[in-house]
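In: Just need the structure, nothing else, for what follows:
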Amino acid sequence: MPMQRTEIHGAEELHKYYKVYETIGSGGFAKVKLGRHILTGEKVAIKIINKRELGEDLPRVKLEIEALKSLSHQHICRLYHVIETSTQIFMVLEYCIGGELFDYIIAKDRLSEEETRVFFRQIVSAMAYVHSQGYAHRDLKPENLLIDEDHNLKLIDFGLCAKPKGGLSYELMTCCGSPAYAAPELIQGKAYIGSEADVWSMGVLLFALLCGYLPFDDENCVVLYRKITRGHYENPRWLSPGSVLLLNQMMQVDPKRRLAVRQLLNHPWVLKDYNSPVEWHSRQPLGHIDEDCITEMAVSMKRSRQSTTALVKEWRYDQTTATYLLLLLKKQRGKPVRLCPEPPVCDDSCSPMHHGAQTRDVLHFSEDEDAVITGSLDLRSDYIDDCPWVSVTPYAPQGDRGHPDGSSSKDMNFESPSVKRRYIRSPEAAPTTPQQRQERRERGREQTCEKKENIGVHAKDVDAFVLPAPRTPASSKKAARHNKNVLTTPNQNGTKASAASPRSGGSGSKERGKKRTDESRKTPNAEVLTFSPERRSRSLDLAATSDSGKKKRTGKVFGSLERGLDKMINMLTPNRKRGLREGPRKIKVQYNVTLTSQTDPDQVLDQILSILPGKNIDFVQKGYTLKCRTKGDFGKVTMAFELEVCLLQRPEVVGVHRQRLKGDAWVYKHLVEDILSTLSI
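Out: The predicted model follows:
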């Protein structure tokens with residue numbers, strides 16, 4: 001499903017740094033939305049907490065934030081940014097595209113011992129690190145473990161964690177967590193050790209991975225607690241003797257007889273096929289500073305590396321921290337360490353940090369005398385090549401500029417591979433008059449749009465489109481100038497229509513531009529170009545709405561024309577006008593998609609619509625997506641989930657994509673399975 005922007009009232013600072021999209025999860029007092037960090041372009045998860053609804057639980061949220069600030073581990077979800085207003089708290093967290101481990105379990109029914117071992121070693125690694133930092137998690141379950149794009153687990157939700165002042169050996173009294181995963185001493189109201197209670201939960205989690213269901217489960221809480229306190233459960237026949245032994249050692253009713261986490265690090269079952277203990281130390285401690293990320297930030301902030309490093313080491317979890325950590329994430333994933341992937345147009349007012357933030361103090365800007373870049377030109381390498389008045393020379397590191405021996409910057413060694421260029425104005429092409437500067441801005445804006453659109457052309461199938469001749473004499477001049485910038489294919493004479501070259505001023509320059517325009521208009525055969533649909537509508541819009549009476553065209557007017565055209569298209573689209581459903585989206589096979597034998601998505605959707613009322617499930621339909629929820633005796637929403645009818649790319653069959661938004665995971669599992677089993681699919 002395409003990401004749709006959403007606006008959050010009272011969150012101006014959030015929208016300054018992030019694009020916010022749809023809700024991907026919700027809880028008692030919080031919801032989680034998908035977001036994108038503007039400067040780095042990386043996806044993030046934004047946890048939105050309502051402070052008014054929290055009430056007495058507000059200190060618990062503060063504890064979670066403090067815990068995540070001090071925990072940095074490869075198997076713990078990373079905190080990037082914290083924004084607090086009078087009514088809300090926004091926690092910007094690492095986004096894990098794989099979703100919850102719980103969904104992965106129910107999709108595969110149960111995991112093999114080999115795959116379970118891979119996941120369990122990561123869980124042991126995370127918990128050993130958490131305990132080493134003096135914390136007890138106290139809410140370990142499959143719903144609180146996410147799968148990232150590399151298929152690794154990330155531990156989340158430290159809202160119930162505890163950090164006893166006397167250390168982990170200090171006894172706790174608070175009864176918290178999920179009943180099915182709670183240790184016997186905890187539900188009995190006894191004093192307990194947090195790390196020992198976590199080991200019990202790890203045992204229940206290991207059982208769920210290997211078996212696909214819980215060892216202790218019952219709809220009646222009294223019966224459930226009785227089963228837990230007795231510690232009796234049945235081992236299915238497919239469990240190996242080693243698995244049975246490990247589960248028995250972890251789920252001991254007497255906490256003193258349970259295995260400790262340090263014993264799990266080199267347990268025989270854990271070592272099988274690995275022959276090495278679990279690595280639990282952090283690979284990314286907060287004290288480590290990456291020079292490439294610092295250099296990129298220093299260039300953009302116009303600061304020295306030393307002052308930028310000092311600023312990052314404050315770990316305020318503000319825009320500076322988020323930018324550094326997300327740049328570090330890009331580097332770890334093999335992406336270029338670059339900021340501003342969607343650059344602003346070339347304008348006198350633009351700067352690397354201005355995109356996505358409207359103030360100059362976004363990253364604590366300062367005009368350091370020893371800043372890495374000097375001068376007033378603020379352009380990124382992503383779009384500087386589109387500006388005809390800019391030439392590029394290699395970047396000279398600080399301290400190497402202005403060599404007395406007269407050596408050029410090309411002979412200098414770079415201090416970091418992340419920053420290799422320094423940008424200067426080309427003297428022969430530099431505009432001198434206001435009119436020339438305006439023309440230069442327009443050309444830069446048009447060429448930036450062209451570059452972004454041409455990238456999309458190669459990514460999907462498009463058709464050939466013949467650029468139309470100007471419709472009226474009044475619009476011919478501006479339309480021709482725009483076409484001159486974008487036409488790059490050879491014409492019948494074998495020449496190439498070039499992009500706009502820098503104008504050095506004077507009426508002669510205008511006459512030459514007019515002459516080139518007339519020549520291009522007289523070309524006998526129209527040049528056939530490949531355009532995306534978006535590019536096609538934009539070109540038509542420019543040709544139809546240009547006005548020769550205006551000396552300049554600003555981005556504001558251009559945007560207004562585009563928005564007006566979009567509104568007109570939306571109103572005149574027949575499907576939307578008649579309220580008909582659009583076609584289902586096509587997706588790749590995912591673990592949270594149930595395949596069907598049907599080829600008609602409308603038939604599957606109609607079947608689901610006929611079943612939901614009989615299950616006492618309220619729903620709201622949006623196309624082929626159903627937002628479902630159930631309510632308790634007092635009208636409170638107890639379960640919220642989504643069902644979406646979609647098409648699988650390979651094989652081309654209809655599937656039902658499911659996602660839990662709120663409520664008990666195992667209740668959701670039974671409910672969705674009941675719905676899907678009722679379908680004649």
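In: Quick one: residues contacting Met202.
Out: Contacts for Met202 (Cβ atoms under 8 Å, 6 or more residues apart in numbering) come out as 123-124, 127, 140, 250, 264. Every C-beta, even on glycine, is put in place using the N, C-alpha and C of the backbone.
In: let's see 7 Å
Out: 123, 127, 140, 250 (Cβ atoms under 7 Å, 6 or more residues apart in numbering).
In: Distance of the third one relative to Leu186?
Out: Spelled out, that is Leu140. 12 Å (Cβ to Cβ, to the nearest Å).
In: follow-up on the earlier one: just the buried ones from the contacts of Met202?
Out: The neighbour-count test (16 or more other Cβ atoms under 10 Å) marks 123, 127, 140, 250 as buried among these.
In: Output those residues as JSON lines; include the columns pLDDT, distance to Thr309 and secondary structure.
Out: Shown next, in JSON lines, are the buried ones among the contacts of Met202 (pLDDT from 0 to 100; distance: Cβ to Cβ, whole Å; DSSP: H, G, I helix; E, B strand; the rest coil):
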{"residue": "Ile123", "pLDDT": "98", "distance to Thr309": "34", "secondary structure": "helix"}
{"residue": "Met127", "pLDDT": "98", "distance to Thr309": "32", "secondary structure": "helix"}
{"residue": "Leu140", "pLDDT": "96", "distance to Thr309": "36", "secondary structure": "coil"}
{"residue": "Met250", "pLDDT": "97", "distance to Thr309": "44", "secondary structure": "helix"}
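In: Pass me the low-pLDDT residue ranges in the chain, would you?
Out: 1-4, 6-7, 9-10, 28, 341-582, 589-591, 650-651, 680-681 (pLDDT under 70).
In: Touching, Phe120 and Leu206? I think so.
Out: Yes: the criterion here is Cβ atoms under 7 Å, and Phe120 meets it with Leu206 at 5.8 Å.
In: joint contacts of the two?
Out: Common contact partners of Phe120 and Leu206 (Cβ under 7 Å, 6+ apart): none.
In: Domain parsing of this structure, as residue ranges.
Out: Domain ranges of the chain: 12-94, 107-271, 291-401+416-425, 454-572, 586-678, per automatic domain parsing.
In: Just the endpoints, please. Distance across the shortest one?
Out: From the first residue to the last, domain 12-94 extends over 21 Å; the measure is Cα to Cα, to the nearest Å.
In: Excluding chain neighbours, what is closest to Ile76?
Out: Leu155 (4.9 Å; Cβ to Cβ, 6 or more residues apart in numbering).
In: is the one you found in a bridge, and if so with what?
Out: Following DSSP bridges, Leu155 is listed with bridge partners Ile76, Leu145.
In: secondary structure element for the closest residue to Lys272 other than its chain neighbours?
Out: Sequence neighbours aside, Arg117 is the residue nearest to Lys272 in space, at 6.8 Å (criterion: Cβ to Cβ, 6+ apart). Using DSSP states H and E, Arg117 falls within helix 113-132.
In: what does Glu296 give?
Out: helix 291-301.
In: what packs against that helix?
Out: Secondary-structure packing of helix 291-301 (3 or more Cβ pairs under 7 Å, 6 or more residues apart in numbering; DSSP states H and E): helix 305-312, helix 319-332.
In: Could you list the buried residues of the last one?
Out: Using 16+ other Cβ under 10 Å as the burial criterion, the residues of helix 319-332 that qualify are 319-331.
In: Extract the CA atoms of stretch 629-640 and return them as CSV.
Out: C-alpha atoms of stretch 629-640 as CSV (Å, rounded to 0.1, in the frame of the first residue of the first chain):
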residue,chain,number,x,y,z
ARG,A,629,-12.0,-4.0,15.7
THR,A,630,-13.9,-5.7,18.6
LYS,A,631,-15.2,-4.1,21.7
GLY,A,632,-15.6,-5.3,25.3
ASP,A,633,-18.7,-5.2,27.6
PHE,A,634,-18.3,-1.5,28.3
GLY,A,635,-17.6,-0.4,24.7
LYS,A,636,-13.8,-0.3,25.0
VAL,A,637,-11.9,-1.5,22.0
THR,A,638,-10.2,-4.7,22.9
MET,A,639,-8.8,-5.7,19.5
ALA,A,640,-7.9,-3.8,16.3
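In: mind listing what Asp139 touches?
Out: 157, 160, 177-178.
In: how about it, phi and psi?
Out: Dihedral angles of Asp139 (phi, psi; degrees, to the nearest 10) stand at phi -150, psi 50.
In: okay, now the closest residue to Ala128 other than its chain neighbours: neighbour count?
Out: Nearest non-adjacent residue to Ala128, counting by Cβ to Cβ, 6+ apart: Trp280, 3.7 Å away. Neighbouring residues of Trp280 were enumerated by other Cβ atoms under 10 Å; the total is 22.
In: distance of Trp280 from Gly99?
Out: As judged by Cβ to Cβ, Trp280 and Gly99 stand 25 Å apart.
In: can I get the contacts of Met202 in a markdown table with distance to Met639?
Out: Putting the contacts of Met202 into a markdown table (distance: Cβ to Cβ, whole Å) gives the following:
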| residue | distance to Met639 |
| --- | --- |
| Ile123 | 26 |
| Met127 | 29 |
| Leu140 | 22 |
| Met250 | 30 |
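In: Show me what stretch 307-323 is in contact with.
Out: Residues from elsewhere that reach stretch 307-323, judged by Cβ under 7 Å, 6+ apart: 17, 37, 39-40, 69, 79-82, 92, 286, 289, 294, 297-298, 301, 324, 362-364, 368.
In: Which secondary structure state does the nearest residue to Gly189 once chain neighbours are set aside sit in?
Out: Spatial nearest neighbour of Gly189, excluding adjacent residues (Cβ to Cβ, 6+ apart): Cys175 at 6.3 Å. With DSSP: H, G, I helix; E, B strand; the rest coil as the basis, Cys175 sits in coil.
In: residues touching Cys175, list them.
Out: Cys175 makes contacts with 186-187, 189, as judged by Cβ under 7 Å, 6+ apart.
In: Was I right to think Leu209 contacts Thr116?
Out: Yes: between Leu209 and Thr116 there is a contact under Cβ under 7 Å: 4.4 Å.
In: Next, the buried residues of the biggest strand by length in the chain.
Out: Assignment by DSSP state E gives strand 637-648 as the longest strand of the chain. Buried residues in strand 637-648, defined by neighbour count with 16+ other Cβ under 10 Å: 639-648.
In: buried residues in stretch 282-298?
Out: Applying 16+ other Cβ under 10 Å to stretch 282-298 flags 282, 290, 292-298 as buried.
In: Just tell me which of the helices and strands packed on helix 291-301 ends up closest to Glu149.
Out: Evaluated over the helices and strands packed on helix 291-301, closeness to Glu149 peaks at helix 319-332, with 10.8 Å, by Cβ to Cβ.
In: part of a strand, is Ser282?
Out: No: using three-state DSSP, the secondary structure at Ser282 is coil, not a strand.
In: Please enumerate residues in contact with stretch 65-85?
Out: 10, 13-14, 44, 90-94, 96, 122, 125-126, 129-130, 133, 135, 146, 152-156, 158, 161, 282-286, 315, 317-319, 321-322, 325-326.
In: Filter those residues down to the buried ones.
Out: Buried among the contacts of stretch 65-85 by 16+ other Cβ under 10 Å: 13-14, 44, 90-94, 96, 122, 125-126, 129-130, 135, 146, 153-156, 158, 161, 282, 317-319, 321-322, 325-326.
In: I'd guessed Asp109 sits against Gly212; true?
Out: Yes: with contacts counted by Cβ under 7 Å, Asp109 reaches Gly212, the gap being 4.9 Å.
In: So for these two, which residue has more residues nearby?
Out: Taking other Cβ under 10 Å, Asp109 and Gly212 do not tie; Gly212 has more neighbours (15 against 9).
In: how much space between the residue lying closest to the more buried one once chain neighbours are set aside and Pro179?
Out: Leaving aside its chain neighbours, Gly212 sits nearest to Arg110 (3.4 Å; criterion: Cβ to Cβ, 6+ apart). Separation of Arg110 from Pro179 (Cβ to Cβ): 22 Å.
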